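In: Fold the following for me, if possible:
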Amino acid sequence: MQLFRIAAVLSLAPLAAAQTFDCVVQTPQSGLDVIIDVDTTLPGTLIGAYDAETNPTGTRTKPGLFGTFGSTENVECPITIGGGIDEHRLISRPAGVFALSIDPEALTASVEGYNVNFIADGEEVIPVTVRFSTEAFRTRNPTSTYIAGTVNLPIGDATISVFRAVQSGGSLGTLTESGPDSYTFVVPIEVLYEFNATILDNPVEIPGGTPAPFVLSGTVAIQPDGSAVITSSLTIEIGDSQEVNEPLPPQAFPLPTILPPGLTANVILNLTLQSLTVGVNGTQTLLAVGTRREERCIADFNQDGGIDGADVEAFYDAWESGSDAADVNADGGIDGADVETFFAEWESGTC
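Out: Alright, predicted model coming up:
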């Protein structure tokens, strides 16, 4: 699916009506309420934790229901583990920053630098239940029989340590006056979602390689002191699936016995994280306070109060190094168009 891309269009002319606010999310007054689903597929093997020298009384395993089972036999058995987190409700408080630009004359709004951590109040610990699918096998120490099939087993907890959205593309949206110094805005942007967790003591990371559409909408109220208060209620819909195919470190696992029940077979899991699917759906509410940004004088590039050759030198240093500061036309790229924009402003000798 081709995701839409909307280039940032920010006016560089010093229009009195255009304003940019550097906004900070107010964590105590903001919230996240979502349902999380994580589904994994982990094929591999299990084998008893037996070792002739270091653990001679440990569990031993062997595939099949019949046949001999020697006193030192310990053979790998094929398994597949699936599932993970099933419809867990996460309620947390976000924190972050973004810049909101509004132009009441052009009735446009744009957002840059949106970077929000959805779990700013700490890691989230979530119970994990998996589908444990095996072919028939037997164990010794304890003696048990496992018939081929699938069993749901609670295996402990997952810890989500990172859940973040970072803007990856420019934006241009609409602005509507709703009252004196008050407006509503709707701005589509693109974000990359970062999702890191630990499951079965193994780190799992979705770095967010594919930009996803996201709509930031709400109200902005200009305060008497020139600051702004931004309120927003957003729908969060994340669906990401990846083929990982990454072997995991061996994992000790206390496997409950089936026939007879009530005992524990201590085995070692040797698994490969084949695929990972994450779904997150819910709402995010934000309250942010914005400080009005002073308009930058492009011609006075080094911001020393004068327009002279030092500004040309400072601009070229930034342009040649690829610094974001050299993107003076705010089109998201650093190229010859920025040189033209800079010299047009510099030759005018004014801001």
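In: how close does Pro63 sit to Val130?
Out: According to Cβ to Cβ, to the nearest Å, Pro63 stands 21 Å off from Val130. Glycine gets a C-beta too; all of them are placed from N, C-alpha and C.
In: Please identify which of these two sits among more neighbours.
Out: The residue with more neighbours, out of Pro63 and Val130 and counting by other Cβ atoms under 10 Å, is Val130; that gives 23 against 16.
In: So that one is in contact with Ile81, correct?
Out: Yes: under the criterion of Cβ atoms under 8 Å, Val130 lies in contact with Ile81, with a separation of 5.0 Å.
In: Report the set of residues contacting both of those two.
Out: Contact with both Val130 and Ile81 is made by residues Thr40, according to Cβ atoms under 8 Å, 6 or more residues apart in numbering.
In: Dump the helix or strand encompassing Val191 to CSV, keeping only the CA atoms.
Out: With secondary structure defined by DSSP states H and E, Val191 is part of strand 182-199. Output of strand 182-199 as CSV, limited to C-alpha atoms (Å, rounded to 0.1, in the frame of the first residue of the first chain):
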residue,chain,number,x,y,z
SER,A,182,-9.0,30.2,18.7
TYR,A,183,-8.8,27.7,15.8
THR,A,184,-9.3,24.1,14.9
PHE,A,185,-6.7,22.3,12.8
VAL,A,186,-6.4,19.0,10.9
VAL,A,187,-2.9,18.0,9.8
PRO,A,188,-2.0,14.7,8.1
ILE,A,189,1.6,13.6,8.8
GLU,A,190,3.7,10.4,8.5
VAL,A,191,5.3,8.7,11.5
LEU,A,192,7.6,5.8,12.2
TYR,A,193,6.5,3.7,15.2
GLU,A,194,9.1,2.2,17.5
PHE,A,195,8.1,-0.8,19.6
ASN,A,196,10.6,-2.6,21.8
ALA,A,197,9.8,-5.4,24.2
THR,A,198,11.3,-8.3,26.1
ILE,A,199,9.6,-11.7,25.8
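In: and it, which strands flank it?
Out: strand 149-169 (antiparallel), strand 173-179 (antiparallel), strand 202-206 (antiparallel), strand 212-222 (antiparallel) (DSSP bridges).
In: Quick check: buried residues in that strand?
Out: By neighbour count, with 16 or more other Cβ atoms under 10 Å as the criterion, the buried positions of strand 182-199 are 183, 185, 187-195, 197-199.
In: quick revisit: tabulate the strands paired with strand 182-199 (CSV), appending mean neighbour count and distance to Ala228.
Out: Conversion of the strands paired with strand 182-199 to CSV gives the following (neighbours: other Cβ atoms under 10 Å; distance: least, Cβ to Cβ, whole Å):
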stretch, mean neighbour count, distance to Ala228
strand 149-169, 17, 19
strand 173-179, 15, 13
strand 202-206, 16, 34
strand 212-222, 18, 5
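In: weakest of the ones you listed by average pLDDT?
Out: Per-segment confidence across the strands paired with strand 182-199 bottoms out at strand 202-206, which has a mean of 68 in mean pLDDT.
In: Name the surrounding residues that touch stretch 55-63.
Out: Stretch 55-63 is contacted by residues 46-51, 69, 72-78, 135-142, 265-267 when judged by Cβ under 8 Å, 6+ apart.
In: For Gly309, see how far away Thr277 is.
Out: 58 Å.
In: and those two? which has more neighbours close in?
Out: More crowded of Thr277 and Gly309, by other Cβ under 10 Å: Thr277, with 15 against 9.
In: to the chain's geometric centre, what's the distance from stretch 128-147?
Out: Relative to its chain's centre, stretch 128-147 lies at 36 Å (Cα atoms, centre = their mean, to the nearest Å).
In: Can you get me the start-to-end distance on that stretch?
Out: From the first residue to the last, stretch 128-147 extends over 23 Å; the measure is Cα to Cα, to the nearest Å.
In: so for it, what's the average pLDDT?
Out: According to the model, stretch 128-147 has a mean pLDDT of 94.
In: tell me which residues in it are buried?
Out: 128, 130-132, 134, 137-141, 144, 146.
In: Now for those residues: which two are most distant?
Out: The two members of the buried residues of stretch 128-147 with the most space between them (Cβ to Cβ) are Val128 and Arg140, at 28.4 Å.
In: Now do the helices in this protein.
Out: Read by DSSP state H, the chain holds these helices, from start to end of the chain: 309-321, 336-348.
In: wait, which of the ones you listed is closest to Ile222?
Out: helix 336-348 (27.5 Å).
In: Now do the closest one and helix 309-321, the angle between them.
Out: Relative orientation of helix 336-348 versus helix 309-321 (axes from the mean of the first three to the mean of the last three Cα atoms, to 10 degrees): 180 degrees.
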